[in-house]
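Asker: Let's see this in three dimensions:
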Amino acid sequence: MSSSPDGAYVYLLLCRNRAIYTGTTRDLEKRMRTHFEKRPGVAAYTRSAGAVRLLAAWRAPTYGDALRAECRIKKRTHAEKEALAKDPTGIASGKYALPAEWGLIPLLPGDALLEKINRQYACRREDPTGDAMPGEEPVGAAPENQ
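Answerer: Numbering: from 1, shown residues only. The predicted model follows:
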């Protein structure tokens, strides 16, 4: 389920310029559609920087918890956000660790919602990392038969 009447999500979104945008939403699928399709209501930053891929997301029990988490994550450096995207369970460690009582649950690689969003919206030819989406070959990868 991508929305919850009580809970919310905090997420990290990779942009074309390699920046990592941090946001909060009650409905993750709808918010990603807004970012990727540049629909009305999209953040001015992602409208100009261009959303490429959802890197990580966490479910929070309340919208307030998600907002507090977003604020704390935004204080992290770019390198710390990259590390957090690679290990979403690391949200409870580091200088800006988030309290366990905020109840954040990471959407881990393989999570159906995370994979669905990246398959549906991510455009790997614009992905500055060149990383392939799950089930795809990396950009410029040689075919296996060669």
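
Asker: what are the C-alpha coordinates of the helix or strand where Leu55 lies, in CSV please?
Answerer: Using DSSP states H and E, Leu55 maps to strand 51-60. Extracted as CSV, the C-alpha positions of strand 51-60 are listed here (Å, rounded to 0.1, in the frame of the first residue of the first chain):
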residue,chain,number,x,y,z
ALA,A,51,14.1,13.3,-10.6
VAL,A,52,15.9,10.1,-11.7
ARG,A,53,15.4,7.4,-9.1
LEU,A,54,13.9,6.8,-5.7
LEU,A,55,16.9,5.8,-3.6
ALA,A,56,15.3,5.0,-0.3
ALA,A,57,12.2,5.4,1.7
TRP,A,58,10.9,4.8,5.2
ARG,A,59,7.4,4.3,6.6
ALA,A,60,6.7,6.5,9.7
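
Asker: Residues contacting whichever helix or strand comes after it, please?
Answerer: Next in sequence after strand 51-60, counting helices and strands by DSSP H and E, comes helix 63-74. Applying Cβ atoms under 8 Å, 6 or more residues apart in numbering, the contact partners of helix 63-74 are 7-10, 12, 22-26, 58, 60, 81, 84, 91, 96, 98, 102-104. Every C-beta, even on glycine, is put in place using the N, C-alpha and C of the backbone.

Asker: next helix or strand past helix 63-74?
Answerer: Helix 63-74 is succeeded, C-terminally, by helix 78-86 (DSSP H and E).

Asker: So which other helices or strands are in contact with the next helix or strand after that following helix?
Answerer: Sequence order places strand 105-106 as the next helix or strand after helix 78-86, per DSSP H and E. Here strand 105-106 touches strand 51-60, going by 3 or more Cβ pairs under 8 Å, 6 or more residues apart in numbering; DSSP states H and E.

Asker: ok and the strand it packs on relative to helix 78-86, angle-wise?
Answerer: Computed by axes from the mean of the first three to the mean of the last three Cα atoms, to 10 degrees, the angle separating strand 51-60 from helix 78-86 equals 70 degrees.

Asker: Strand 51-60: how far from the chain's middle?
Answerer: 2 Å (Cα atoms, centre = their mean, to the nearest Å).
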